[in-house]
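Engineer: Turn this into a structure:
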Amino acid sequence: MAFLGMSPLLIVAILTGFIDLAFSSCPAVCQCPLEVPRCAPGVGLVLDSCGCCKVCAKQLNEDCSKSQPCDHTKGLECNFGANYKATKGICRAKSEGRPCEYNSRIYQNGESFQPNCKHQCTCIDGAVGCLPLCPQELSLPNLGCPNPRLVKVPGQCCEEWVCDEARDTAHDIEDFFSKEFGLDANEGELTSKNEFIPIVKGGHKMLPAFGSNPQAHVVETQKCIVQTTSWSQCSKTCGTGISTRVTNDNKDCRLVRETRICEVRPCGETNYSQLKVRSF
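Structural biologist: Numbers count the residues shown, from 1 in each chain. Okay, the predicted model is just below:
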(Lines give C-alpha, C1' and ligand atoms only; values in the text may rest on other atoms or scores of the structure.)
Protein backbone atom coordinates (compact mmCIF):
# COMPACT_ATOMS: atom_id res chain seq x y z
CA MET A 1 0.00 0.00 0.00
CA ALA A 2 1.00 3.62 -0.54
CA PHE A 3 1.04 4.37 3.21
CA LEU A 4 3.49 1.53 4.08
CA GLY A 5 6.61 2.86 5.72
CA MET A 6 5.02 6.19 6.66
CA SER A 7 4.67 7.39 10.23
CA PRO A 8 1.12 7.59 11.66
CA LEU A 9 1.36 11.38 12.05
CA LEU A 10 2.29 11.81 8.39
CA ILE A 11 -0.63 9.60 7.32
CA VAL A 12 -3.06 11.67 9.42
CA ALA A 13 -1.71 14.90 7.91
CA ILE A 14 -2.15 13.60 4.36
CA LEU A 15 -5.70 12.39 5.02
CA THR A 16 -6.60 15.72 6.64
CA GLY A 17 -5.34 17.54 3.56
CA PHE A 18 -7.46 15.34 1.29
CA ILE A 19 -10.56 15.99 3.41
CA ASP A 20 -9.97 19.76 3.38
CA LEU A 21 -9.50 19.67 -0.39
CA ALA A 22 -12.69 17.70 -0.87
CA PHE A 23 -14.76 20.11 1.22
CA SER A 24 -13.24 23.24 -0.29
CA SER A 25 -13.49 22.19 -3.94
CA CYS A 26 -16.45 23.15 -6.10
CA PRO A 27 -18.97 20.51 -7.21
CA ALA A 28 -18.89 19.14 -10.74
CA VAL A 29 -22.61 19.88 -11.12
CA CYS A 30 -24.33 22.83 -9.43
CA GLN A 31 -27.29 21.89 -7.27
CA CYS A 32 -29.18 24.98 -6.11
CA PRO A 33 -32.52 25.37 -4.28
CA LEU A 34 -35.53 25.88 -6.54
CA GLU A 35 -36.51 29.08 -4.74
CA VAL A 36 -34.22 32.08 -4.51
CA PRO A 37 -33.45 32.77 -0.83
CA ARG A 38 -35.10 35.78 0.81
CA CYS A 39 -32.54 37.98 2.52
CA ALA A 40 -32.90 40.39 5.42
CA PRO A 41 -33.45 44.08 4.57
CA GLY A 42 -30.25 45.66 3.31
CA VAL A 43 -28.66 42.28 2.48
CA GLY A 44 -28.13 41.47 -1.20
CA LEU A 45 -27.92 38.25 -3.19
CA VAL A 46 -24.49 37.17 -4.47
CA LEU A 47 -23.14 34.11 -6.25
CA ASP A 48 -21.15 31.68 -4.14
CA SER A 49 -17.43 31.36 -4.80
CA CYS A 50 -18.06 28.45 -7.17
CA GLY A 51 -20.38 30.59 -9.29
CA CYS A 52 -23.22 28.13 -8.77
CA CYS A 53 -25.99 29.42 -6.52
CA LYS A 54 -27.26 32.77 -5.32
CA VAL A 55 -26.98 33.15 -1.56
CA CYS A 56 -27.54 35.95 0.94
CA ALA A 57 -24.27 37.83 1.34
CA LYS A 58 -22.64 37.64 4.74
CA GLN A 59 -22.19 40.93 6.57
CA LEU A 60 -19.42 42.48 8.67
CA ASN A 61 -18.16 40.17 11.48
CA GLU A 62 -20.37 37.28 10.32
CA ASP A 63 -19.02 33.78 9.62
CA CYS A 64 -18.23 33.11 5.98
CA SER A 65 -16.97 30.34 3.71
CA LYS A 66 -16.60 29.48 0.04
CA SER A 67 -20.31 28.68 -0.17
CA GLN A 68 -21.29 31.66 2.02
CA PRO A 69 -19.31 34.64 0.66
CA CYS A 70 -19.18 38.13 2.11
CA ASP A 71 -20.92 41.16 0.64
CA HIS A 72 -18.32 42.47 -1.82
CA THR A 73 -20.52 45.48 -2.67
CA LYS A 74 -19.76 46.77 0.84
CA GLY A 75 -16.02 46.14 0.54
CA LEU A 76 -16.05 42.93 2.60
CA GLU A 77 -14.01 39.76 2.14
CA CYS A 78 -13.76 36.44 3.97
CA ASN A 79 -10.73 36.61 6.27
CA PHE A 80 -9.36 33.13 7.05
CA GLY A 81 -6.55 34.43 9.24
CA ALA A 82 -3.11 32.82 9.17
CA ASN A 83 -4.48 29.30 8.68
CA TYR A 84 -4.36 28.67 4.93
CA LYS A 85 -6.26 25.39 5.39
CA ALA A 86 -9.21 27.06 7.13
CA THR A 87 -12.57 26.57 5.43
CA LYS A 88 -14.43 29.14 7.53
CA GLY A 89 -13.57 32.73 8.22
CA ILE A 90 -15.02 36.08 9.31
CA CYS A 91 -16.15 38.91 7.05
CA ARG A 92 -13.77 41.85 7.29
CA ALA A 93 -13.30 45.06 5.32
CA LYS A 94 -10.94 44.67 2.35
CA SER A 95 -9.41 48.09 2.87
CA GLU A 96 -9.41 50.62 5.65
CA GLY A 97 -12.51 52.62 4.80
CA ARG A 98 -13.63 55.63 6.78
CA PRO A 99 -16.05 55.04 9.67
CA CYS A 100 -19.42 56.80 9.87
CA GLU A 101 -20.97 58.93 12.59
CA TYR A 102 -24.74 58.64 12.86
CA ASN A 103 -26.83 59.94 15.75
CA SER A 104 -23.70 60.43 17.88
CA ARG A 105 -22.57 56.82 17.34
CA ILE A 106 -19.59 55.55 15.34
CA TYR A 107 -20.03 52.69 12.86
CA GLN A 108 -17.19 50.89 11.08
CA ASN A 109 -16.85 50.73 7.31
CA GLY A 110 -19.14 47.98 5.99
CA GLU A 111 -21.15 47.74 9.21
CA SER A 112 -24.94 47.47 8.94
CA PHE A 113 -27.22 48.82 11.65
CA GLN A 114 -30.85 49.65 12.31
CA PRO A 115 -31.20 53.14 13.83
CA ASN A 116 -34.94 52.65 14.24
CA CYS A 117 -37.64 50.17 13.32
CA LYS A 118 -38.25 51.83 9.94
CA HIS A 119 -34.75 51.91 8.41
CA GLN A 120 -31.82 49.57 7.75
CA CYS A 121 -28.54 51.42 7.20
CA THR A 122 -24.98 50.60 6.14
CA CYS A 123 -21.74 52.54 6.57
CA ILE A 124 -19.75 52.62 3.31
CA ASP A 125 -16.48 54.55 3.49
CA GLY A 126 -17.77 57.43 5.58
CA ALA A 127 -21.24 57.63 4.02
CA VAL A 128 -24.43 56.16 5.48
CA GLY A 129 -27.00 54.66 3.12
CA CYS A 130 -30.40 53.53 4.37
CA LEU A 131 -33.24 51.39 3.04
CA PRO A 132 -36.86 51.77 4.19
CA LEU A 133 -38.36 48.86 6.11
CA CYS A 134 -41.87 50.29 5.65
CA PRO A 135 -42.19 50.68 1.86
CA GLN A 136 -45.96 50.98 2.06
CA GLU A 137 -45.53 54.39 3.71
CA LEU A 138 -43.63 55.67 0.65
CA SER A 139 -45.98 54.20 -1.96
CA LEU A 140 -49.19 56.17 -1.64
CA PRO A 141 -52.69 54.71 -2.20
CA ASN A 142 -54.57 54.95 -5.48
CA LEU A 143 -56.76 57.92 -6.32
CA GLY A 144 -59.78 55.71 -5.64
CA CYS A 145 -58.95 55.91 -1.94
CA PRO A 146 -60.74 59.02 -0.62
CA ASN A 147 -58.96 61.17 1.94
CA PRO A 148 -56.04 58.74 2.54
CA ARG A 149 -54.10 58.97 5.79
CA LEU A 150 -51.48 56.95 7.62
CA VAL A 151 -52.50 55.40 10.93
CA LYS A 152 -50.49 53.58 13.58
CA VAL A 153 -51.22 49.89 14.06
CA PRO A 154 -51.00 48.59 17.65
CA GLY A 155 -47.99 46.33 18.10
CA GLN A 156 -46.47 47.24 14.72
CA CYS A 157 -43.81 49.72 13.71
CA CYS A 158 -45.02 50.52 10.20
CA GLU A 159 -48.08 52.68 9.67
CA GLU A 160 -50.81 51.70 7.21
CA TRP A 161 -52.96 53.70 4.80
CA VAL A 162 -56.69 53.93 5.48
CA CYS A 163 -59.44 55.58 3.44
CA ASP A 164 -62.03 57.81 5.11
CA GLU A 165 -65.62 58.17 3.90
CA ALA A 166 -66.06 58.97 0.21
CA ARG A 167 -65.49 62.49 -1.02
CA ASP A 168 -65.35 64.25 -4.36
CA THR A 169 -62.63 62.52 -6.39
CA ALA A 170 -61.74 65.78 -8.12
CA HIS A 171 -60.38 67.07 -4.80
CA ASP A 172 -58.34 63.98 -3.93
CA ILE A 173 -55.06 65.22 -5.39
CA GLU A 174 -55.51 68.75 -4.03
CA ASP A 175 -56.33 67.39 -0.58
CA PHE A 176 -53.30 65.13 -0.65
CA PHE A 177 -50.88 67.93 -1.51
CA SER A 178 -52.49 70.23 1.05
CA LYS A 179 -52.02 67.66 3.81
CA GLU A 180 -48.65 66.40 2.62
CA PHE A 181 -47.02 69.83 2.50
CA GLY A 182 -49.12 71.72 5.05
CA LEU A 183 -50.92 74.00 2.59
CA ASP A 184 -54.13 75.76 3.52
CA ALA A 185 -57.06 76.17 1.11
CA ASN A 186 -55.72 79.35 -0.52
CA GLU A 187 -52.25 77.87 -1.00
CA GLY A 188 -53.75 74.69 -2.46
CA GLU A 189 -55.64 76.80 -5.00
CA LEU A 190 -52.47 78.66 -5.96
CA THR A 191 -50.60 75.37 -6.31
CA SER A 192 -53.24 74.07 -8.72
CA LYS A 193 -52.63 77.25 -10.75
CA ASN A 194 -48.93 76.41 -11.00
CA GLU A 195 -47.68 79.05 -8.57
CA PHE A 196 -44.63 78.65 -6.34
CA ILE A 197 -45.67 78.40 -2.69
CA PRO A 198 -43.00 78.63 0.03
CA ILE A 199 -43.92 76.36 2.91
CA VAL A 200 -42.28 75.13 6.06
CA LYS A 201 -42.38 71.53 7.18
CA GLY A 202 -40.17 70.06 9.88
CA GLY A 203 -38.17 73.27 10.05
CA HIS A 204 -37.09 73.11 6.39
CA LYS A 205 -38.30 75.47 3.69
CA MET A 206 -39.35 73.88 0.43
CA LEU A 207 -40.81 75.22 -2.80
CA PRO A 208 -43.11 72.56 -4.24
CA ALA A 209 -44.61 73.34 -7.62
CA PHE A 210 -46.18 71.49 -10.49
CA GLY A 211 -44.51 71.26 -13.89
CA SER A 212 -44.86 73.87 -16.59
CA ASN A 213 -48.14 72.31 -17.73
CA PRO A 214 -49.44 70.09 -14.94
CA GLN A 215 -52.77 69.17 -16.56
CA ALA A 216 -51.63 68.77 -20.18
CA HIS A 217 -50.69 65.10 -19.98
CA VAL A 218 -53.90 63.06 -19.78
CA VAL A 219 -54.02 59.27 -20.05
CA GLU A 220 -57.32 58.61 -21.80
CA THR A 221 -57.65 54.96 -20.79
CA GLN A 222 -57.43 55.88 -17.11
CA LYS A 223 -58.49 59.53 -17.33
CA CYS A 224 -55.32 60.39 -15.46
CA ILE A 225 -54.37 64.02 -14.96
CA VAL A 226 -50.62 63.93 -14.44
CA GLN A 227 -49.38 66.22 -11.69
CA THR A 228 -45.87 66.45 -10.28
CA THR A 229 -44.31 68.66 -7.63
CA SER A 230 -40.87 70.13 -8.07
CA TRP A 231 -37.94 68.58 -6.25
CA SER A 232 -37.63 69.78 -2.67
CA GLN A 233 -34.53 71.51 -1.40
CA CYS A 234 -31.64 69.22 -0.48
CA SER A 235 -31.94 67.84 3.04
CA LYS A 236 -28.33 68.86 3.79
CA THR A 237 -26.54 72.14 3.16
CA CYS A 238 -23.29 70.26 2.50
CA GLY A 239 -22.40 66.69 1.67
CA THR A 240 -24.78 64.07 0.37
CA GLY A 241 -28.48 64.55 1.11
CA ILE A 242 -31.82 63.65 -0.41
CA SER A 243 -34.47 65.54 -2.35
CA THR A 244 -38.07 64.37 -2.82
CA ARG A 245 -41.09 65.05 -4.96
CA VAL A 246 -44.58 63.57 -5.38
CA THR A 247 -46.04 62.54 -8.74
CA ASN A 248 -48.69 60.34 -10.31
CA ASP A 249 -46.85 60.12 -13.65
CA ASN A 250 -46.91 56.32 -13.94
CA LYS A 251 -48.99 53.66 -15.66
CA ASP A 252 -51.23 53.22 -12.60
CA CYS A 253 -51.79 56.98 -12.14
CA ARG A 254 -50.80 56.41 -8.54
CA LEU A 255 -49.40 59.09 -6.26
CA VAL A 256 -45.90 58.08 -5.21
CA ARG A 257 -43.03 59.82 -3.51
CA GLU A 258 -39.75 59.84 -5.49
CA THR A 259 -36.35 60.36 -3.89
CA ARG A 260 -33.00 61.30 -5.41
CA ILE A 261 -29.54 62.02 -4.05
CA CYS A 262 -28.39 65.64 -4.03
CA GLU A 263 -25.31 67.60 -2.99
CA VAL A 264 -25.21 71.39 -2.66
CA ARG A 265 -21.46 71.45 -2.04
CA PRO A 266 -18.83 69.24 -0.36
CA CYS A 267 -18.65 69.73 3.40
CA GLY A 268 -14.91 70.42 3.23
CA GLU A 269 -15.28 73.18 0.66
CA THR A 270 -14.44 76.71 1.76
CA ASN A 271 -17.28 79.20 1.63
CA TYR A 272 -15.64 81.73 -0.67
CA SER A 273 -18.46 84.22 -0.24
CA GLN A 274 -17.24 84.87 3.31
CA LEU A 275 -13.60 85.47 2.33
CA LYS A 276 -12.36 89.04 2.41
CA VAL A 277 -10.23 90.19 -0.51
CA ARG A 278 -7.35 92.46 0.41
CA SER A 279 -6.09 94.78 -2.29
CA PHE A 280 -2.54 96.05 -2.42
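
Engineer: Now do the domain split for this structure, please.
Structural biologist: Annotated domains of the chain cover 100-132, 135-263 [automatic domain parsing].

Engineer: rank the ones you listed by pLDDT, which is bottom?
Structural biologist: Per-stretch mean pLDDT for those is lowest at domain 135-263 (a mean of 64).

Engineer: first to last residue in it, what's the distance?
Structural biologist: Its start and end residues considered, domain 135-263 measures 24 Å (Cα to Cα, to the nearest Å).

Engineer: same check, this time on stretch 90-110
Structural biologist: So stretch 90-110: terminal residues 13 Å apart, Cα to Cα.

Engineer: Please shift the residue numbers so they start at 21 in all later answers.
Structural biologist: Will do, 21 is the new start, and the previous item becomes stretch 110-130.

Engineer: Let me see the residues that make contact with that stretch.
Structural biologist: The set of residues external to stretch 110-130 that reach it, using Cβ atoms under 8 Å, 6 or more residues apart in numbering, is 78-84, 90-91, 94-99, 131, 133, 135, 141-148. For the C-beta atoms, the positions are set from N, CA and C on the backbone; glycine is no exception.

Engineer: For Arg265, see how far away Lys271 is.
Structural biologist: Going from Lys271 to Arg265 by Cβ to Cβ, to the nearest Å gives 18 Å.

Engineer: Repeat that for Glu278.
Structural biologist: Going from Glu278 to Arg265 by Cβ to Cβ gives 5 Å.

Engineer: Ala77 too?
Structural biologist: According to Cβ to Cβ, Ala77 and Arg265 sit 32 Å apart.

Engineer: quick one: which of the two has more around it?
Structural biologist: Taking neighbours as other Cβ atoms under 10 Å, Ala77 and Arg265 compare with Ala77 leading, 22 against 17.

Engineer: Helices of the stretch 71-220 of the chain, start to end?
Structural biologist: In the stretch 71-220 of the chain, the helices defined using DSSP state H, counting those that start in this stretch lie at 192-201, 205-212.

Engineer: still on that earlier bit, mind checking which of the contacts of stretch 110-130 are in strands?
Structural biologist: When strands are assigned by DSSP state E, the members of these inside them are 83-84, 96-99, 133, 135, 141-144, 147-148.

Engineer: If any of the residues you listed are buried, put those into a PyMOL selection.
Structural biologist: Filtering those down to the buried ones (16 or more other Cβ atoms under 10 Å) takes a single PyMOL command:
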select buried, resi 84+96+97+98+133+141+142+143+144+148
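
Engineer: In CSV: the ones in strands among the contacts of stretch 110-130, plus distance to Arg118.
Structural biologist: Output for these, formatted as CSV (distance: Cβ to Cβ, whole Å):
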residue, distance to Arg118
Asp83, 26
Cys84, 23
Leu96, 15
Glu97, 18
Cys98, 22
Asn99, 20
Phe133, 16
Pro135, 19
Cys141, 15
Thr142, 13
Cys143, 9
Ile144, 9
Ala147, 8
Val148, 11
